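Peer 1: based on what follows, work out the 3D shape:
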Amino acid sequence: MRSHTPHGGRHELGQNFLHHRPTIERIVALVRATEGPILEIGCGDGALTHPLARLGRDLVALDLDRRRVSRLRAQLPSVTVRHADALDVPLDRPVVVGNVPFHLTTPILRRLLRSPGWRHAIVLTQWEVARKRAGVGGSTMMTAQTAPWFSFGLDQRVPARHFTPMPSVDGGILTVERRARPLVPARERAPYEQLVRAVFTGRGSGLEQILARASGQPPRVVARALTGAEVAKGALPRDLTPSQWASLWIALGRRRV
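Peer 2: So this is what the prediction gives:
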């Protein structure tokens, strides 16, 4: 949501405004199923802010457009509307929701997944980003690196025509929940992420060889770990489930910590 984006035109702040009522209602319904104060990212003209305010919960809404912030403050005095950047402010309220500027999806998601305090996130992103983060068709490195602490879900696709101005790609509703019981202790997050990165970027004729190089463990130990994690023959890093990654970390990566 930084103002110095390369995107021009009236939407120089990179926002595509959601106007499809059923999609708005679906996002609000997902928020309604959560508890606690809400933080909205990129409130714009308030398409989501107005129905979120009717939930009767403590709501803080952020946007970079001063005019829209002033207008929304006048319309919704019960809501704290702030002229602020989601890449700068703490994302620490229990529930985070928003129509994320498509060109800033990845940095905002990275920051969100590094931020403490929140429990539920419902974000409208580019369709392919939502699909990949939810592990549809295989997990990305970013998802695998964070899956021990968060669970991802793909709620629905949002056609481009449901935005104004209409973007060149569809959107998707991505849900993220912080796990009540992490699969890997938080203190081991950095070395765990390093192992996942080494596996995703490593070379080898198969997962067993890649894991052996990445973990520094003998092939027999790696083979035993893969069997214990119930990893199928010929599986690729993108095919592994969060529990399988955690199992491999415990059997291989933790030896180096």
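
Peer 1: give me the below-cutoff pLDDT ranges for the stretch 151-257 of the chain.
Peer 2: When residues are selected by pLDDT under 70, those of the stretch 151-257 of the chain lie in 255-257.

Peer 1: which residues in it form strands?
Peer 2: 163-164, 171-178 (DSSP state E, counting those that start in this stretch).

Peer 1: a markdown table for these, including mean neighbour count and distance to residue 84?
Peer 2: From N, CA and C alone the C-beta is placed, and that goes for glycine too. Converted to a markdown table, the strands of the stretch 151-257 of the chain look like this (neighbours: other C-beta atoms under 10 Å; distance: least, C-beta to C-beta, whole Å):
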| stretch | mean neighbour count | distance to residue 84 |
| --- | --- | --- |
| strand 163-164 | 18 | 23 |
| strand 171-178 | 21 | 21 |
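
Peer 1: go through those and name the closest to residue 133.
Peer 2: strand 171-178 (5.7 Å; C-beta to C-beta).

Peer 1: which SS state does residue 96 fall under?
Peer 2: Following DSSP: H, G, I helix; E, B strand; the rest coil, we place residue 96 in the strand state.

Peer 1: leaving out sequence neighbours, find the closest residue to it.
Peer 2: Excluding its sequence neighbours, the residue lying closest to residue 96 (C-beta to C-beta, 6 or more residues apart in numbering) is residue 121, at 4.4 Å.

Peer 1: and residue 93, backbone torsions?
Peer 2: phi -80, psi 150 (degrees, to the nearest 10).

Peer 1: picking up where we left off before, for the host helix or strand of the residue nearest to residue 96, packing partners?
Peer 2: Residue 121 belongs to strand 120-126 when assigned by DSSP states H and E. Based on contacts counted as 3 or more C-beta pairs under 8 Å, 6 or more residues apart in numbering; DSSP states H and E, the elements that strand 120-126 packs against are helix 21-32, strand 95-99, helix 105-114, strand 171-178.

Peer 1: check the offset of that strand from the chain's centre.
Peer 2: Averaging C-alpha positions (C-alpha atoms, centre = their mean, to the nearest Å) puts strand 120-126 7 Å from its chain's average.

Peer 1: change the start of the numbering to 18 and stick with it
Peer 2: Right, with 18 as the first residue, what we last looked at is strand 137-143.

Peer 1: how close does the residue lying farthest from the centre of the chain get to residue 243?
Peer 2: Ranked by distance from the centre of the chain (C-alpha atoms, centre = their mean), the top residue is residue 237, with 36.0 Å. The gap separating residue 237 from residue 243 is 11 Å, by C-beta to C-beta, to the nearest Å.

Peer 1: could you do residue 46 as well?
Peer 2: 41 Å.

Peer 1: so for those two, which sits in the more crowded spot?
Peer 2: residue 243 (23 against 12; other C-beta atoms under 10 Å).

Peer 1: which residues sit in contact with the residue nearest to that one when sequence neighbours are not counted?
Peer 2: The shortest distance from residue 243 to any non-neighbouring residue, by C-beta to C-beta, 6+ apart, is to residue 225 (6.2 Å). By C-beta atoms under 8 Å, 6 or more residues apart in numbering, the contact set of residue 225 is 236, 239-240, 243.

Peer 1: any idea how far residue 225 lies from residue 264?
Peer 2: 15 Å.

Peer 1: for the residue nearest to residue 267 when sequence neighbours are not counted, give me phi and psi.
Peer 2: Leaving aside its sequence neighbours, residue 267 sits nearest to residue 201 (C-beta to C-beta, 6+ apart; 7.8 Å). Main-chain dihedrals, residue 201, degrees, to the nearest 10: phi -140, psi 140.

Peer 1: and the host helix or strand of residue 99, what other elements does it pack with?
Peer 2: Assessed by DSSP H and E, residue 99 sits inside strand 97-100. Packing partners of strand 97-100 (3+ C-beta pairs under 8 Å, 6+ apart): strand 76-80, helix 83-92.
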